[in-house]
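Visitor: Structure for this input, please:
(chains A and B)
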Protein chains: 2
Amino acid sequence: MRIGIDLGGTNIAAGLVDENQNITVRGSVRTPRGADDVVREMEALARSLCEQAGLRLQDITSAGIGSPGSIDTVAGTVIYANNLGFENVPLAGALAEALGIPVRIGNDANVAALGEFHAGAGKAFDSMVLVTLGTGVGGGIILGGKIYDGFNGMGGEIGHMVVKKDGAPCTCGRKGCWEAYASATGLIRLTKAALEKHPDSLMASIAEEMGRVSGRTAFRAARQGDAAGEEVVAEYLTYLACGAANLINLFQPAVLCFGGGVSHEGPYLIERLLPLVEDELYPVGEKKTALRLAELGNNAGIIGAALL
Amino acid sequence: MRIGIDLGGTNIAAGLVDENQNITVRGSVRTPRGADDVVREMEALARSLCEQAGLRLQDITSAGIGSPGSIDTVAGTVIYANNLGFENVPLAGALAEALGIPVRIGNDANVAALGEFHAGAGKAFDSMVLVTLGTGVGGGIILGGKIYDGFNGMGGEIGHMVVKKDGAPCTCGRKGCWEAYASATGLIRLTKAALEKHPDSLMASIAEEMGRVSGRTAFRAARQGDAAGEEVVAEYLTYLACGAANLINLFQPAVLCFGGGVSHEGPYLIERLLPLVEDELYPVGEKKTALRLAELGNNAGIIGAALL
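Guide: The predicted model follows:
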């Protein structure tokens, strides 16, 4: 039995993960401010999970933490995590000391990819790139069953690949990153622009009814045959396909997997995306990268952390 | 001692490569038409190299072939190579039978990267992406000392990463590929456009004197302080930097290495490229990817093939 901890800016979620990659007990707490308090809450959560399962800490093989930000996986430190206010925090060592068991740490997006690969949509494949379509575009690259993150542990920033040079500004400082177009944020930007052009569309009524414009607004309208919604979805998908085809031409992973908010559009997303991607691929013969939806949702982070 | 064969559309170059990755004997012949004749010429070349070195084929550990096109490295076949007119040619098996020694085959760009990694600019590093700036943009990815080419052997098509969606048409069918801008062909296109705008520039005189526009025209003019040349070089470098930063954000290789015709601009190229790339990188702390020029030139293909 291992402990997996998904450290987020808002909540810390954790679970006991058995050898079949099932979460047997889970819990969560609000993320406190400050590294010391974060370690204390993670420790308390881990102890409480063990208690619920009737286990002692000695029965636990190891714990893993998925953390946002830049992580030095070898040293076990968070180099920099904006939304936790962390800079050079030796998080793994501190928790290992508190619990008396080995603790490893990884970047949350990479860790979720590891979970999804071993216990979710990647199970049947030998390599995977996970694309998480949320506020940003995150993800992780799994080669040989392990996270690929480069010589310095900072690789796999798939959202920060420019697909439209001199295009929309990205939070990273570049212009035209995939993230600026293919994230839910990018989709919302496209949706808002279309709403201004088409104030009488069905999409406009849907936005009004929902009380806000979200990543679902345009998809909902498009599924109901609204031309304005369809225009947004079609344009969004060309950007999604562009970056997806880039990743395939570079990595040729056995599976390219989509998670995060936008992936909740489900099979409709993959069915529409697939022909656009195939149209852009470098010719590769018969063995083609499969496109799949992520299966584990938020559990991927807990399971992946336990697998570190 | 191993044999490395660099099979090109025009010439077949081969060499005996010793355990220190030095080419001890070399030779080349024109590439004949037809797979049978190609195998016969490769066999004759290999036998002649051995003879020159006073070795018997039994003294040779193995041979390797770097071939253009799509290669099935496991089956040892060229799936498709446009400029050889090959389709499903079991090249490795045919040469192995002719020579009576094991023969492996790989894509020429990947094989050159392998050579450059083990015997050239990559020697001091633990991972590398090689970018070859020639007629196209080719290259290879070396992770863990080996070629990374995806689950189907078709990965590493770094030139066919779109950096300017809906941009200049690429030979692969996409629009806005890095290759369409960062190749010598892309540079020549930029140069020709600038020559039309600036017919009285120093660059125009240089082009006239050289008798044609090449990938060197704009660089030569820029080095002499010509504004038109500088404009072309500056724009070209923004594209080169854009794709380079993409590769670093994705792979974080220990070294990113530039070969091919445009790399003959030498240290000037790297000095001008470096600040542009650093400006675009995702923040990574102190361990940064090094930028280097390839060192082996055409020898990379022979040495890399011998290392397969």
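
Visitor: Show the model's pLDDT score for the residue of chain A positioned farthest from its centre.
Guide: Going by C-alpha atoms, centre = their mean, the residue of chain A most distant from its centre is A:D200, 35.1 Å out. Looking at A:D200, its pLDDT stands at 96.

Visitor: continuing past the helix or strand where A:A228 lies, what's the next helix or strand?
Guide: Using DSSP states H and E, A:A228 sits within helix A:227-251. For helix A:227-251, the following helix or strand on the C-terminal side (DSSP H and E) is strand A:255-259.

Visitor: list the helices and strands that next one packs on?
Guide: helix A:108-119, strand A:127-133, helix A:227-251, strand A:290-293 (3 or more C-beta pairs under 8 Å, 6 or more residues apart in numbering or on different chains; DSSP states H and E). All C-beta spots, glycine's among them, are computed from the backbone N, C-alpha and C.

Visitor: and chain B, which of these is closest to it?
Guide: Closest to chain B of these, according to C-beta to the nearest C-beta: helix A:227-251, at 4.2 Å.

Visitor: so where's chain A shaky on pLDDT?
Guide: A:284 (pLDDT under 70).

Visitor: Residue nearest the middle of it, spatially speaking?
Guide: Central residue of chain A (C-alpha atoms, centre = their mean): A:T132, 3.9 Å from the mean position.

Visitor: hang on, it packs against A:G139?
Guide: Yes: shown here, A:T132 and A:G139 form a contact pair, counting by C-beta atoms under 8 Å, at 5.2 Å.

Visitor: Give the residues shared as contacts by these two.
Guide: A:A109 (C-beta atoms under 8 Å, 6 or more residues apart in numbering or on different chains).

Visitor: that older thread, between strand B:127-133 and the helix holding A:A228, find me the angle.
Guide: Angular relation of helix A:227-251 and strand B:127-133 on a 0 to 180 degree scale: 110 degrees, by axes from the mean of the first three to the mean of the last three C-alpha atoms, to 10 degrees.

Visitor: Which other helices and strands does helix A:227-251 contact?
Guide: If you count contacts as 3+ C-beta pairs under 8 Å, 6+ apart, helix A:227-251 packs onto strand A:127-133, helix A:178-182, helix A:184-197, helix A:202-210, helix A:217-223, strand A:255-259, helix A:267-280.

Visitor: Nearest to chain B: which residue in the stretch 1-150 of chain A?
Guide: A:G150 (2.4 Å).

Visitor: so who does that residue touch?
Guide: Listed by C-beta under 8 Å, 6+ apart, the contact partners of A:G150 are A:G156, B:S127, B:F251, B:Q252, B:P253.

Visitor: Would you confirm that A:T135 contacts A:A182?
Guide: No: contact criterion C-beta under 8 Å: A:T135 and A:A182 do not qualify, at 11.8 Å.

Visitor: Specify which residue of the two has the higher count of neighbours.
Guide: Using other C-beta atoms under 10 Å in any protein chain shown, the more surrounded residue of A:T135 and A:A182 is A:A182, with 28 against 15.

Visitor: Looks like the more buried one contacts A:L133 (just checking).
Guide: Yes: at 6.3 Å, A:A182 counts as touching A:L133 under the criterion of C-beta under 8 Å.

Visitor: what sits in contact with each of those two?
Guide: Residues touching both A:A182 and A:L133 (C-beta under 8 Å, 6+ apart): A:L240, A:V262.

Visitor: what bridges to the residue nearest to the centre of chain A?
Guide: Beta bridges link A:T132 to A:G138, A:G259 when assigned by DSSP bridges.

Visitor: who are the neighbours in contact with it?
Guide: A:T132 makes contact with A:A109, A:A112, A:G138, A:G139, A:F258, A:G259, A:G260, A:A294, according to C-beta under 8 Å, 6+ apart.

Visitor: thinking again about what came up before, can you tell me how far the residue of the stretch 1-150 of chain A closest to chain B is from A:I3?
Guide: According to C-beta to C-beta, to the nearest Å, A:G150 stands 27 Å off from A:I3.

Visitor: just A:L256 next, same as before
Guide: Per C-beta to C-beta, A:L256 is found 30 Å from A:I3.

Visitor: With neighbour numbers in mind, choose between the two.
Guide: Using other C-beta under 10 Å as the criterion, A:L256 and A:I3 rank with A:I3 on top: 29 against 24.

Visitor: can you map out the strands along the stretch 1-150 of chain A?
Guide: A:2-7, A:11-17, A:23-30, A:63-67, A:70-72, A:77-81, A:86-89, A:103-107, A:127-133, A:137-143, A:146-147 (DSSP state E, counting those that start in this stretch).

Visitor: Kindly reformat the ones you listed as JSON lines and extend each row with distance to B:P68.
Guide: Below are the strands of the stretch 1-150 of chain A laid out as JSON lines (distance: least, C-beta to C-beta, whole Å):
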{"stretch": "strand A:2-7", "distance to B:P68": "46"}
{"stretch": "strand A:11-17", "distance to B:P68": "47"}
{"stretch": "strand A:23-30", "distance to B:P68": "49"}
{"stretch": "strand A:63-67", "distance to B:P68": "43"}
{"stretch": "strand A:70-72", "distance to B:P68": "40"}
{"stretch": "strand A:77-81", "distance to B:P68": "42"}
{"stretch": "strand A:86-89", "distance to B:P68": "48"}
{"stretch": "strand A:103-107", "distance to B:P68": "38"}
{"stretch": "strand A:127-133", "distance to B:P68": "25"}
{"stretch": "strand A:137-143", "distance to B:P68": "26"}
{"stretch": "strand A:146-147", "distance to B:P68": "32"}
